[in-house]
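Enquirer: From the sequence below, what's the structure:
(one chain, ligands or ions: 1)
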Amino acid sequence: MDSSITTLQQLFEKQKANALTVRQTTAKQRCAKLRKLQQAIHALESEIYAALKADLRKPEFESAVFEVHVVQGEIAFAIDNLSEWMTPQRVSSNMVNMLTRNRIGYEPKGNCLIIAPWNYPFQLLLSPLVSAIAAGNCCVLKPSELAPATSAVLAKLIKQTFAENEVALVEGDVAVATTLLSLPFDHIFFTGSTAIGKVVMQAAAQHLASVTLELGGKSPAVVTPHADLKKAADKIAWGKWANAGQTCIAPDYVFVHESQQNEFVSLLKASVDKLYFQNKQLNKEDYGKIISARHFSRLKNLWEDAISKGAKAELEGVFSESDGTISPAILTQVDRNSRIMQEEIFGPILPVLTYKNSSEAIAYIRSHDKPLALYVFSNRNSEIKSLLEKTSSGGVCVNDVLIHLSNPYLPFGGVGPSGTGGSHGFFGFKAFSHERGIMYQNRFFDIGKIVYPPYKRKGIIGKILKRLM
Ligand code: NAD
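Expert: I've put the predicted structure just below:
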């Protein structure tokens with residue numbers, strides 16, 4: 001699609017003109033649209049896998065589990081629950097409104113913009129779309145330009161499934177995103193970095209559009225002295241190096257008790273070996289590549305900076321520029337002022353830090369931006385409780401990593417610098433809806449009138465009301 005300002009403005013106007021029709025659709029009609037999307041994805045499945053392989057060398061199994069099935073699951077869950085979500089919720093009234101009926105209705109926000117990143121380029125564009133359709137909105141989608149093959153398949157999928165005046169996809173880079181952000185959308189759902197999240201929020205402020213910001217950050221994993229170290233190592237190895245560390249909720253760094261560092265690091269190395277190596281060779285069939293040359297050199301610089309400041313390479317990162325591969329890498333003795341501890345790593349390098357007592361780890365986490373996820377490995381409830389009580393994060397997963405994202409009954413999202421608002425299941429539906437308070441006055445007994453003037457004539461009733469209200 002031509003992405004000039006005039007074309008994008010026309011597209012926006014077309015969707016705006018259609019928004020009134022779309023908002024009045026029934027649950028049955030919206031489910032039919034979701035089924036159509038479900039079938040279109042199914043029909044294009046092999047093209048989707050090929051595109052994800054081209055962009056990120058994503059293994060087909062990972063593409064199926066983390067991309068396609070996540071979206072299909074979101075669709076199935078919405079179809080099963082939509083009529084209940086759309087039914088206005090009855091709420092009670094207070095004494096003053098005794099005889100009224102009260103409801104919370106979920107009305108569509110209207111015209112929405114969804115901007116997605118490159119790391120899970122398929123599901124991070126389409127999962128929010130499922131929620132937007134379920135909530136009765138028109139949508140413009142902007143996938144990431146850094147995953148061009150997936151962007152092209154998504155463009156084809158959307159074009160063949162939806163009328164342009166309801167859902168349209170615009171391919172392009174920052175310039176296109178900037179133009180789209182200048183249009184007066186009702187809601188902007190942005191997934192990406194914290195830095196660009198600020199740009200999006202500023203743009204939204206011009207039109208007072210609401211925002212959902214799914215951002216990033218440094219998600220810590222804390223392994224306590226009472227954890228099952230082997231299980232913790234296995235799970236952290238999987239969650240850190242899936243998609244070559246390019247996962248928003250991947251453990252960014254690990255905190256382990258100083259007395260257990262050596263044991264934990266050797267268990268971690270053994271887990272990495274089991275998961276990603278065959279006969280001492282990295283198994284690239286099951287291991288992704290770094291998305292771009294820029295990110296490759298960013299990660300190389302982080303590694304070199306950490307090493308130059310005294311970090312010890314427990315597992316040496318091998319940087320193969322020709323195919324964009326960085327092998328799983330582990331660092332200990334990392335200077336906390338090195339760049340790798342200052343910015344989100346978003347790649348396959350894992351710093352392992354130590355603590356003497358848990359208050360040190362807690363103080364460190366508290367002194368940094370609130371992360372998107374917090375992982376706690378422990379078999380002691382008191383330790384888990386203490387860590388949860390004293391820290392804040394978007395979500396938490398105890399004795400595992402990443403999988404909290406797969407439960408549609410949990411809200412998924414960040415807090416403060418890691419994001420605003422939630423997604424998945426009902427929380428996604430709510431993100432694209434306005435919660436409208438609706439009161440129906442009683443047709444026969446309108447006791448509201450007792451507070452109307454003239455007040456002097458109210459006598460004793462007036463005095464009682466003044467005390468009660
Ligand atoms: P990014 O912020 O660079 O880009 C995201 C999207 O914003 C892209 O579509 C891009 O074209 C657009 N964009 C870039 N610059 C822009 C600008 N100046 N104005 C308007 N739009 C702009 O992020 P990325 O590199 O694609 O993704 C990585 C980041 O996303 C990481 O920080 C990661 O943690 C985060 N992330 C978060 C989640 C989550 O669910 N919270 C999921 C995946 C990734």
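
Enquirer: hey, let's count contacts and neighbours off CA atoms from now on
Expert: OK.

Enquirer: which parts of the chain sit against the ligand?
Expert: For the chain, the contact set with the ligand under Cα under 6 Å from any ligand atom comprises 115-118, 143-145, 173-174, 177-178, 191-193, 196, 199, 214-217, 248.

Enquirer: And the residues you listed, which of them are buried?
Expert: Buried members of the residues of the chain next to the ligand, counted by 16 or more other Cα atoms under 10 Å: 115-118, 143-145, 177, 191-193, 214-217, 248.

Enquirer: need the contact list for the closest residue to the ligand within the stretch 201-350 of the chain.
Expert: The nearest approach of the stretch 201-350 of the chain to the ligand comes at G216, 3.1 Å away (Cα to the nearest ligand atom). With contact taken as Cα atoms under 8 Å, 6 or more residues apart in numbering, G216 is in contact with 192-194, 248-249, 344, 371-372, 414, 417-419.

Enquirer: and these, which of them are in helices?
Expert: Within the contacts of G216, residues falling in helices by DSSP state H are T194.

Enquirer: Adding pLDDT, write the contacts of G216 out as CSV.
Expert: Below are the contacts of G216 laid out as CSV (pLDDT from 0 to 100):
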residue, pLDDT
G192, 98
S193, 98
T194, 97
C248, 97
I249, 98
E344, 98
P371, 98
L372, 98
G414, 98
P417, 98
S418, 98
G419, 98
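
Enquirer: Whichever of the contacts of G216 end up buried, select them in PyMOL.
Expert: Those of those that count as buried under 16+ other Cα under 10 Å are selected in PyMOL with:
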select buried, resi 192+193+194+248+249+344+371+372+414+417+418+419
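
Enquirer: pretty sure K53 is touching P59, no?
Expert: Yes: the pair K53 and P59 passes the contact test of Cα atoms under 8 Å, sitting 6.6 Å apart.

Enquirer: and Q72, how many neighbours does it have?
Expert: A total of 22 residues lie near Q72 under the criterion other Cα atoms under 10 Å.

Enquirer: nearest to S92, of the buried ones among the residues of the chain next to the ligand?
Expert: When those are compared for distance to S92 (Cα to Cα), E214 wins out at 33.5 Å.

Enquirer: surely the closest one meets P417?
Expert: No: with contacts counted by Cα under 8 Å, E214 stays clear of P417, the gap being 9.6 Å.

Enquirer: Now the common contact residues for the two.
Expert: Between them, E214 and P417 share no contacting residue, judged by Cα under 8 Å, 6+ apart.

Enquirer: hang on, the earlier thing: just the ones in strands from the residues of the chain next to the ligand, please.
Expert: Mapping these onto strands (DSSP state E) picks out 115, 191, 214.

Enquirer: Quick check: bridge partners of the residue nearest to the second one when sequence neighbours are not counted?
Expert: Put plainly, it is T191. Counting by Cα to Cα, 6 or more residues apart in numbering, the nearest residue to T191 once its immediate chain neighbours are dropped is E214, at 4.5 Å. Counting by DSSP bridges, E214 is bridged to T191, G419.

Enquirer: ok, K289 - how many residues close by?
Expert: As a burial measure, K289 scores 25 neighbours (other Cα under 10 Å).

Enquirer: Help me confirm that it comes into contact with A242.
Expert: No: contact status for K289 versus A242: not in contact, 10.5 Å apart, counting by Cα under 8 Å.

Enquirer: Which residues are in contact with each of those two?
Expert: Listed contacts common to K289 and A242 are nil; contacts here mean Cα under 8 Å, 6+ apart.

Enquirer: Mind telling me what element K36 is part of?
Expert: Assessed by DSSP states H and E, K36 sits inside helix 27-43.
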